[in-house]
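Visitor: Predicted model, plus sequence, below.
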Amino acid sequence: MKLKDGRNIYINGKSVNNILEEHKVFENTYKYIKKYYQLQEERNYHTIYESNISTTFLKPQTKEDLKLKRDVYYDIAKESYGMLGRTPDFMNPGIMSLKYHNDFLGENEYADFKQNAINYYNYISENDLFVSHASINPQIDRSKKISEIENDYSGVHVKGYDENGILVQGAKMIVTLAPLADELLIFNMPGLKDGDENYAIAFSTPVNTEGIKVITRKTYDKPEYSLADYPLSNSLEEIDAYVIFDNVSIPWDKVFVFKDIEASNSFFDKSKIRHHTGHQDITRGLVKLEFISGVAIELAEKLGLNKFVNIQEELGYLTTSIELVKGGILLCEENAQLTKEGVLTPDIDAIQAVRYHLPQIYKRAVDLIQKLAAGSMLSVPTMGDYQNENRNILIESLKSPLVESEYRSKLLNLSWDVTGETFGQRQKVYEYYHAGDPMRLSAMHYLTYPKEKLTKTVRDLLESV
């Protein structure tokens, strides 16, 4: 990752030349992201045998390959407690899948889009670049087709093209970790209609490309407080951004879809990007669920609440849910299908089932932590108060037979940070919506699920009586 490369970043209303020096929280986040690279040095199974390529780029051909990739995803997620959802290992398996499932991309007189996908995989994997994806269009007017909206930033669209490439204009929103990424992969989710051809594009480009502006949301860190006061807010800023494209030139060899509505609408699914990034995502989600469940259990034990059967039931809901999520991950691998391109692809039905239920389990964990900590986490002294004349008073007045005063304060600070603070609220919203509207996700699962095997049993019974 080269962050001092002329990229055009705006944070909290100001242009930033050196993001790591000017915003301490990004230096901490950067350290977590770098663990993805460091783990390749520390654990040999994090790289493909006899190569320097990350295992996250591996073409899975056996169930053992999928298990290996899952182990790598799990290791990476553990470094950030599952709180960073868009680390480099998220898009890597998607880029791998695009390389092999590229028949639908086609070609035109200027470029072979299928070959571009192959070359893109080679370029990203061999250089181990961090790719952030941009697929969501700004929500301006949902009552109209995107091409009918009189706004130059309703999505990214073609302004012109020649033998050298295409010229694009527009915007994408919720581009997570864009300020720290090397490259942007731009595509659309399904939904384009006839007449939207100029928006039906997919391409990649470096973050520092001329004409690109990355405007982030407000940061959530509390720089005036210590890490012990805000252990997550001050160390894990997974910044989301609004990315502007103003007359940006994209060479043909970086284009995958050009004015092709069918290819654009099917890009995420036919490429199997959805399946392989989903495998990483639910593994990362498991780590996050394990962490927040650990917070709830530690809180209950240190506050002496775990002896009550109603609390035991609540904690048991979390521990049993962890096992169900593990089962869903194993199922997506067990039911994986080998595509004609030779890629063993995780089962999307199992992935989407986990994606639908995990956010609800996570929310229940958040609610339980708030229930356990209650008013205690609203009246925690700052850790600075343990360094002044009040130290002895606090140590004496806040201790209990089960926990020392300072540890109790740190635990309550963590509980607030992960449930009540802005950081925690963003994490909850992220889990609910990062894979799409859960209502639509569930409805689509029903519509595409092989229901015949369920209803046939019912019909057989009724016809037999």
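Guide: Received it, and whenever you're ready, just let me know what you need. Residues are numbered from 1 along each chain as shown.
Visitor: wait, isn't residue 43 in contact with residue 75?
Guide: Yes - the criterion here is C-beta atoms under 8 Å, and residue 43 meets it with residue 75 at 6.9 Å. Every residue, glycine included, has its C-beta placed from N, CA and C.
Visitor: ok, the two, which is more surrounded?
Guide: Neighbour comparison, residue 43 and residue 75: the larger count goes to residue 75, with 20 against 13 (by other C-beta atoms under 10 Å).
Visitor: got the contact list for the more buried one?
Guide: Applying C-beta atoms under 8 Å, 6 or more residues apart in numbering, one finds that residue 75 lies in contact with 39, 43, 46.
Visitor: So which residue is dead centre in this protein?
Guide: residue 85 (3.1 Å; C-alpha atoms, centre = their mean).
Visitor: what about the longest helix in this structure?
Guide: If you go by DSSP state H, the chain has its longest helix at helix 273-302.
Visitor: Off-centre distance for that helix?
Guide: Remark: helix 273-302 is offset 12 Å from the chain centroid, using C-alpha atoms, centre = their mean, to the nearest Å.
Visitor: Ok, stretch 204-213 next?
Guide: Relative to its chain's centre, stretch 204-213 lies at 21 Å (C-alpha atoms, centre = their mean).
Visitor: do stretch 88-105 as well
Guide: Centre-to-centre, stretch 88-105 and its host chain are 16 Å apart (C-alpha atoms, centre = their mean).
Visitor: can you start the count at 21 instead of 1 from here on
Guide: Taking 21 as the first residue, the last one we looked at is stretch 108-125.
Visitor: Can you name the residues that contact the residue lying closest to residue 230 once chain neighbours are set aside?
Guide: Once flanking residues are discounted, residue 230 sits nearest to residue 268: 7.2 Å by C-beta to C-beta, 6 or more residues apart in numbering. With contact set as C-beta under 8 Å, 6+ apart, residue 268 has these partners: 187, 188, 189, 225, 229, 230, 231, 232.
Visitor: mind checking how far residue 268 is from residue 130?
Guide: Going from residue 268 to residue 130 by C-beta to C-beta, to the nearest Å gives 17 Å.
Visitor: What of residue 34?
Guide: Relative to residue 130, residue 34 is positioned 40 Å away (C-beta to C-beta).
Visitor: More neighbours: the two, which one.
Guide: Taking other C-beta under 10 Å, residue 34 and residue 130 do not tie; residue 130 has more neighbours (17 against 10).
Visitor: For the residue lying closest to that one once chain neighbours are set aside, give its distance to residue 139.
Guide: Excluding the flanking residues, the one nearest residue 130 by C-beta to C-beta, 6+ apart is residue 272, at 4.8 Å. Remark: distance between residue 272 and residue 139 (C-beta to C-beta) = 11 Å.
Visitor: Can you read off the backbone torsions of residue 195?
Guide: Dihedral pair for residue 195: phi -90, psi 100, per degrees, to the nearest 10.
Visitor: How confident is the prediction for it, by pLDDT?
Guide: The score at residue 195 is 97. That number is its pLDDT.
Visitor: now do residue 239
Guide: 93.
Visitor: The closest residue to residue 442 other than its chain neighbours: which element?
Guide: Excluding its sequence neighbours, the residue lying closest to residue 442 (C-beta to C-beta, 6+ apart) is residue 240, at 4.6 Å. Using DSSP states H and E, no element contains residue 240; it sits outside every helix and strand.
Visitor: now do residue 264
Guide: Assigning secondary structure by DSSP H and E places residue 264 in strand 261-271.
Visitor: what about the very next helix or strand once past that strand, average pLDDT?
Guide: Using DSSP H and E, the next helix or strand after strand 261-271 towards the C-terminus is strand 275-278. Averaged across strand 275-278, pLDDT comes to 98.
Visitor: which other helices and strands contact strand 275-278?
Guide: Here strand 275-278 is seen to pack against helix 133-147, strand 185-192, strand 221-226 when contacts are counted using 3 or more C-beta pairs under 8 Å, 6 or more residues apart in numbering; DSSP states H and E.
Visitor: possible to save those as CSV with distance to residue 475, mean pLDDT and mean neighbour count?
Guide: Output for the helices and strands packed on strand 275-278, formatted as CSV (distance: least, C-beta to C-beta, whole Å; pLDDT from 0 to 100; neighbours: other C-beta atoms under 10 Å):
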stretch, distance to residue 475, mean pLDDT, mean neighbour count
helix 133-147, 40, 98, 18
strand 185-192, 41, 98, 22
strand 221-226, 38, 98, 23
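Visitor: So for residue 357, which of the ones you listed sits nearest?
Guide: helix 133-147 (20.6 Å; C-beta to C-beta).
Visitor: what packs against the particular helix or strand that has residue 392 in it?
Guide: Residue 392 is located in helix 368-393, with elements delineated by DSSP H and E. With contacts taken as 3+ C-beta pairs under 8 Å, 6+ apart, helix 368-393 sits against helix 293-322, helix 329-354, helix 425-439, helix 442-453, helix 458-468.
Visitor: how big is the angle separating that helix from helix 329-354?
Guide: Going by axes from the mean of the first three to the mean of the last three C-alpha atoms, to 10 degrees, helix 368-393 is angled at 160 degrees with respect to helix 329-354.
Visitor: ok, and for helix 368-393, which residues are buried?
Guide: Neighbour counts over helix 368-393 (16 or more other C-beta atoms under 10 Å) mark 368, 370-379, 381-382, 384-386, 388-390, 392-393 as buried.
Visitor: now swap in stretch 284-301 and tell me
Guide: For stretch 284-301, by 16+ other C-beta under 10 Å, it's 284-285, 287-288, 290-301.
Visitor: any idea of the mean pLDDT in the longest helix of the chain?
Guide: On average, helix 293-322 scores 98.
Visitor: Tell me which stretches of the stretch 21-170 of the chain form strands.
Guide: Using DSSP state E, counting those that start in this stretch, the strands of the stretch 21-170 of the chain run over residues 29-31, 34-36, 151-154.
Visitor: tell me the most buried of those?
Guide: strand 151-154 (a mean of 23; mean count of other C-beta atoms under 10 Å).
Visitor: List of residues touching that strand?
Guide: In contact with strand 151-154 (C-beta under 8 Å, 6+ apart) are residues 106, 108, 111-112, 114-115, 144, 176, 192, 195-198, 201-207, 224, 227, 263.
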